[in-house]
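Participant: Sequence and predicted structure, then a few things I'm wondering about:
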Amino acid sequence: MTMLENKKTLSQVGGGVPLDQNGSATSSPASKRAKTTCATNTESNTNPLLSDWSSQPFHIPPFADIKAEHFQPAFEVSMKEHMDELQAIVDNADEPTFDNVLLPYDRAGHLLGRVSHVFGTLSSSMNTDEIKKLDKEMSPILSRHTSSAYHLPGLFDKIKAVYDQREDAALNLTDEQKRLVKVVYDNFTRKGANFSEEQKKEYAELLAELSSLHVAFGQNVLVDEETFEMVLKLEDMVGCPDSFIAAAKTAAQERNKADDEYVLTLSRTFVEPFLTYADRRDLRESLFKSWTQRGQLHPDRNNVKIAVDILKLRQKQAEFFGCKNYAEWQLKDRMANTVEKVSNLLNDVWPRAKEAANKERVQMEEFIRRNSSNSTDGDAGLDGGIQPWDWRYYAQKANSDVDVTAELKPYLSREAVFQMATDVSSKLYNLKYVERPDIVSWHPDVVTYEVRDATTDELVAIFMKDDYTRQYKSSGAWMSEVRSQNGNLPAGMDAIEGIPIVTNNNNIAKADPSLLSFDEGTTLFHELGHGHHGMLSKTTYATLASTNVATDFVELQSQLLENWLEQPVVLKQAKHYQTGEALPEELLQKYKATLKLNAGFDTVEYLSCAIFDIELHQIEDYSDFDLLEFEKKELERIGMPQGIVLRHRPPSFQHLFASSHYSAGYYSYLWSDVLAADAFGAFTESGDIFSKEVADKARKYIYSSGNTVAPDELFRRFRGRDPDVQFMLKRKGLVD
């Protein structure tokens with residue numbers, strides 16, 4: 001399962017600075033008014049973050065000119081401008097209306113947003129030591145600015161005045177305007193707008209401390225990943241595919257190793273294939289233990305303590321709002337809404353997943369018994385049974401007669417999979433991707449495209465794709481935005497400023513060629529699904545645009561697109577990277593028979609994390625709390641199958657502790673999976689997975705509407721009913 005892994009730099013304050021679903025601040029670019037303000041500041045003459053970007057293609061940030069030292073002064077200027085814009089709303093003596101309160105509020109913070117966008121991009125994709133240092137320094141400052149903006153005297157009073165009369169027919173507000181009023185009002189109340197002045201100060205300090213801890217947690221994981229390397233010889237990689245060995249050789253060359261050496265890092269793109277294919281059990285064990293101990297590999301980087309400190313602060317946060325625990329508070333603005341609904345879903349699926357995983361383990365044990373005399377891994381009897389570093393290896397061995405992973409991989413080059421993904425994008429949503437090799441970005445690996453309507457040639461978005469793993473880049477995969485779609489531009493602003501700039505970020509091992517596993521191909525489709533959410537956004541107001549939706553709704557768009565890679569009509573387009581031969585029909589049929597292999601393991605590995613998360617955040621007192629002991633006891637309580645551990649162990653669980661966005665919300669992937677499986681059912685039921693009628697509805701209600709309508713209502717408008725969990729259970733092979 002693909003995860004969005006990025007860090008939060010700002011909270012939503014004004015329409016110019018809404019959160020994307022990675023937790024990063026997003027915005028529309030600076031307005032003409034912002035440029036005028038900057039022009040009076042001498043900093044703007046030399047600081048590219050404050051300059052006019054109109055000479056850049058599509059007003060893309062001048063990445064080549066931006067240095068770490070530019071950010072602090074740019075943040076200072078843009079934070080002041082943002083507060084001035086909000087203060088102007090407060091100082092308006094006219095009766096509060098939508099036009100003099102919500103409209104300028106939605107536009108406020110454009111300059112701060114564009115600075116934050118660039119910083120968020122670099123702190124995830126080019127997180128050098130200078131950027132890390134700046135992130136630590138600026139995080140509490142930006143958090144306090146956010147609190148100051150939400151607590152600006154008089155601002156919430158104006159918003160509440162409009163909120164209280166939003167249904168008044170005399171105001172003649174559109175449904176989207178009413179939604180904006182409600183969303184902004186709810187954001188303010190969840191930021192403590194109703195607190196006393198003393199409570200506001202205390203709450204602001206709590207959030208600032210949380211922000212610093214989130215940054216420290218994420219940076220500790222990144223440093224562990226950057227500094228670790230397993231140096232191997234060719235004979236250590238017996239069993240591994242040639243494409244994997246080539247990637248390890250490239251990694252060694254990048255690190256200036258000896259000619260006969262190969263390097264594995266703690267990128268998942270190295271870890272999972274090695275655990276799957278390497279015959280050396282001792283090396284699998286060593287790599288696995290290092291992988292699962294990220295965040296605690298060095299005593300100076302103690303993420304266990306940081307995580308407990310975060311949990312204590314979150315409990316205080318919940319108590320500020322009269323909630324008994326953090327999970328209760330966090331779920332109030334999610335689709336699920338209550339802990340009970342989340343637990344019901346998890347508890348419904350868990351026994352099925354556990355049963356499937358245990359059956360898979362029994363099959364592997366039988367395989368080991370039959371083949372113990374021919375074992376090549378140095379431990380024929382597997383004393384102690386199948387361990388976590390064994391599962392993937394023996395799952396592949398036990399299913400080698402039907403597993404077509406190795407046969408399929410030569411047809412799944414990075415370029416071929418992206419071509420398939422964009423072909424699907426074109427057939428569903430009439431988009432064409434035009435490469436722009438002349439555009440300079442934050443790294444030479446990044447490839448930039450114009451995304452246009454294939455019929456009218458109208459520019460829809462700019463798409464920037466950063467595929468390869470490298471030093472200073474966060475692990476995982478994510479979509480983010482350098483600029484969000486915006487239909488609320490000030491008069492006279494160039495319309496290009498409302499066109500989104502969307503990024504997809506993967507961590508593919510660099511080789512020539514880079515051949516993908518099917519899971520890595522699915523990840524690429526997943527992230528393009530998120531990309532569609534940003535590129536196809538069509539809202540009037542920036543606050544409601546793109547991925548600014550409930551966390552348990554935002555994975556629908558990505559998980560829906562994953563389905564197309566599994567379809568024979570799509571896979572038939574795959575070409576062998578050497579011969580150009582199309583994927584043979586025989587191989588395609590063999591592949592179809594393996595779709596549900598290891599589904600129990602995959603579901604248990606994810607689902608146990610979701611259960612751990614929701615149970616962890618229902619604790620009401622973290623005094624003398626032992627996080628690792630809780631992990632142990634919780635896995636015992638749910639009957640974790642032998643040989644499987646949490647996909648994300650607590651010291652490296654960035655979804656939970658590098659930001660608050662997915663905390664008490666990791667269930668969102670399963671919740672969205674229910675929605676996505678059901679939504680894909682609409683295509684299959686039509687008899688055409690590229691049905692124009694269904695695709696047009698998906699574009700309208702799933703990808704383009706943003707947060708203009710409540711997510712449960714958007715799904716009902718698309719499907720004509722509430723979601724049905726059976727589609728997801730069947731897709732995972734958990735029911736007949």
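Facilitator: Looks like it arrived, so ask away. All of these numbers come straight from a predicted model, not from anything done at the bench.
Participant: What is the burial count for the closest residue to residue 604 other than its chain neighbours?
Facilitator: Among residues not flanking residue 604 along the chain, residue 357 sits closest, at 4.5 Å (CB to CB, 6 or more residues apart in numbering). (C-beta placed from N, C-alpha, C; glycine too.) Residue 357 has 26 neighbours, counted by other CB atoms under 10 Å.
Participant: all helices of the stretch 601-736 of the chain, in order?
Facilitator: Assigned by DSSP state H, counting those that start in this stretch, the helices in the stretch 601-736 of the chain fall at 627-638, 654-657, 668-686, 692-698, 711-719, 726-731.
Participant: State the pLDDT value of the residue nearest to residue 409 when sequence neighbours are not counted.
Facilitator: Nearest residue to residue 409 in three dimensions, chain neighbours excluded: residue 515, at 4.7 Å (CB to CB, 6+ apart). Residue 515 is assigned 94 on the pLDDT scale.
Participant: Report the contact partners of residue 515.
Facilitator: The neighbourhood of residue 515, defined by CB atoms under 8 Å, 6 or more residues apart in numbering, consists of 241, 243, 409, 410, 412, 413, 414, 577.
Participant: Can you pick out the most distant pair from those?
Facilitator: With CB to CB as the measure, no two of these lie farther apart than 241 and 414, at 15.2 Å.
Participant: quick revisit: hey, which of the helices of the stretch 601-736 of the chain is tucked in deepest?
Facilitator: Mean neighbours per residue, mean count of other CB atoms under 10 Å, is largest over these for helix 654-657, with a mean of 25.
Participant: hmm, back to that, might one say that the residue nearest to residue 604 is in contact with residue 603?
Facilitator: Yes: with contact defined as CB atoms under 8 Å, residue 357 reaches residue 603; the gap is 7.5 Å.
Participant: Buried ones in the helix or strand harbouring residue 342, by neighbour count?
Facilitator: In this structure, residue 342 sits in helix 339-371 according to DSSP states H and E. In terms of neighbour count (16 or more other CB atoms under 10 Å), helix 339-371 has its buried residues at 339, 341-343, 345-346, 349-350, 352-354, 356-358, 360-361, 364-365, 367-368.
Participant: Equivalent analysis for stretch 171-188, please.
Facilitator: Buried residues in stretch 171-188, counted by 16+ other CB under 10 Å: 173, 176, 177, 178, 179, 180, 181, 183, 184, 185, 187, 188.
Participant: Which single one of the residues you listed is nearest to residue 458?
Facilitator: residue 176 (22.1 Å).
Participant: related to what we said a few turns ago, against residue 459, how distant is the residue nearest to residue 409?
Facilitator: Distance, residue 515 to residue 459, using CB to CB, to the nearest Å: 33 Å.
Participant: quick one on the thing from earlier: please say which of residue 241 and residue 414 ends up with more neighbours.
Facilitator: A count of neighbours by other CB under 10 Å puts residue 414 above the other of residue 241 and residue 414, at 23 against 18.
Participant: what's the closest non-adjacent residue to the more buried one?
Facilitator: residue 514 (4.3 Å).
Participant: Please tabulate the helices of the stretch 601-736 of the chain in TSV, including the columns mean pLDDT.
Facilitator: Listed next are those as TSV, based on pLDDT from 0 to 100:
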stretch	mean pLDDT
helix 627-638	98
helix 654-657	97
helix 668-686	98
helix 692-698	98
helix 711-719	98
helix 726-731	95
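Participant: can I get those helices in CSV with distance to residue 402?
Facilitator: Formatted as CSV, the helices of the stretch 601-736 of the chain follow (distance: least, CB to CB, whole Å):
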stretch, distance to residue 402
helix 627-638, 30
helix 654-657, 33
helix 668-686, 24
helix 692-698, 32
helix 711-719, 34
helix 726-731, 19
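Participant: can you list the residues that contact stretch 207-217?
Facilitator: Identification of contacts with stretch 207-217 by CB under 8 Å, 6+ apart yields 7-8, 11, 135-136, 139-140, 142-144, 146-147, 295, 303, 306-307, 309-310, 313-314, 317, 654, 657-660.
Participant: quick one, phi psi at residue 487?
Facilitator: Per-residue torsions, residue 487: phi -100, psi 10 (degrees, to the nearest 10).
Participant: again, but for residue 448
Facilitator: Backbone torsions of residue 448, given as degrees, to the nearest 10, read phi -110, psi 140.
Participant: Report pLDDT for the residue nearest to it when sequence neighbours are not counted.
Facilitator: Closest residue in space to residue 448, ignoring its immediate chain neighbours: residue 439 at 4.2 Å, by CB to CB, 6+ apart. Looking at residue 439, its pLDDT is 98.
Participant: now do residue 23
Facilitator: For residue 23, the model assigns a pLDDT of 30.
Participant: that older thread, may I see the ChimeraX selection of the buried members of the contacts of stretch 207-217?
Facilitator: Burial among the contacts of stretch 207-217 is assessed by 16+ other CB under 10 Å; the matching ChimeraX selection reads:
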select :7,8,11,135,139,140,142,143,144,146,147,295,303,306,307,309,310,313,314,317,654,657,658,659,660
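Participant: quick one: terminal-to-terminal distance for stretch 258-276?
Facilitator: For stretch 258-276, the separation between the terminal residues is 26 Å (CA to CA, to the nearest Å).
Participant: Flag every buried residue along that stretch.
Facilitator: For stretch 258-276, by 16+ other CB under 10 Å, it's 261-271, 273-276.
Participant: Ok, stretch 467-475 next?
Facilitator: Buried-residue list, stretch 467-475, by 16+ other CB under 10 Å: 467, 468, 469, 470, 472, 473, 474, 475.
Participant: For this protein, which segments are assigned as strands?
Facilitator: Assigned by DSSP state E, the chain shows strands spanning 230-232, 262-264, 431-435, 447-453, 459-468, 478-483, 501-508.
Participant: any idea of the mean pLDDT in stretch 575-592?
Facilitator: Mean predicted confidence for stretch 575-592 is 91.
Participant: For it, C-alpha coordinates in PDB please.
Facilitator: Extracted C-alpha coordinates of stretch 575-592, given in PDB (Å, rounded to 0.1, in the frame of the first residue of the first chain):
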ATOM      1  CA  LYS A 575       6.400  -3.800 -23.800                       C
ATOM      2  CA  HIS A 576       9.600  -5.700 -23.000                       C
ATOM      3  CA  TYR A 577      12.300  -3.100 -22.200                       C
ATOM      4  CA  GLN A 578      14.800  -4.900 -24.500                       C
ATOM      5  CA  THR A 579      12.900  -6.400 -27.400                       C
ATOM      6  CA  GLY A 580       9.800  -4.200 -27.500                       C
ATOM      7  CA  GLU A 581       7.700  -7.300 -27.500                       C
ATOM      8  CA  ALA A 582       4.200  -6.900 -26.100                       C
ATOM      9  CA  LEU A 583       3.200  -8.800 -23.000                       C
ATOM     10  CA  PRO A 584       2.400 -12.300 -24.100                       C
ATOM     11  CA  GLU A 585      -1.200 -13.500 -23.500                       C
ATOM     12  CA  GLU A 586       0.000 -16.600 -21.700                       C
ATOM     13  CA  LEU A 587       1.900 -14.500 -19.200                       C
ATOM     14  CA  LEU A 588      -1.100 -12.200 -18.800                       C
ATOM     15  CA  GLN A 589      -3.300 -15.200 -17.900                       C
ATOM     16  CA  LYS A 590      -0.800 -16.500 -15.400                       C
ATOM     17  CA  TYR A 591      -0.600 -13.100 -13.900                       C
ATOM     18  CA  LYS A 592      -4.400 -12.900 -13.500                       C
END
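Participant: All set now, cheers.
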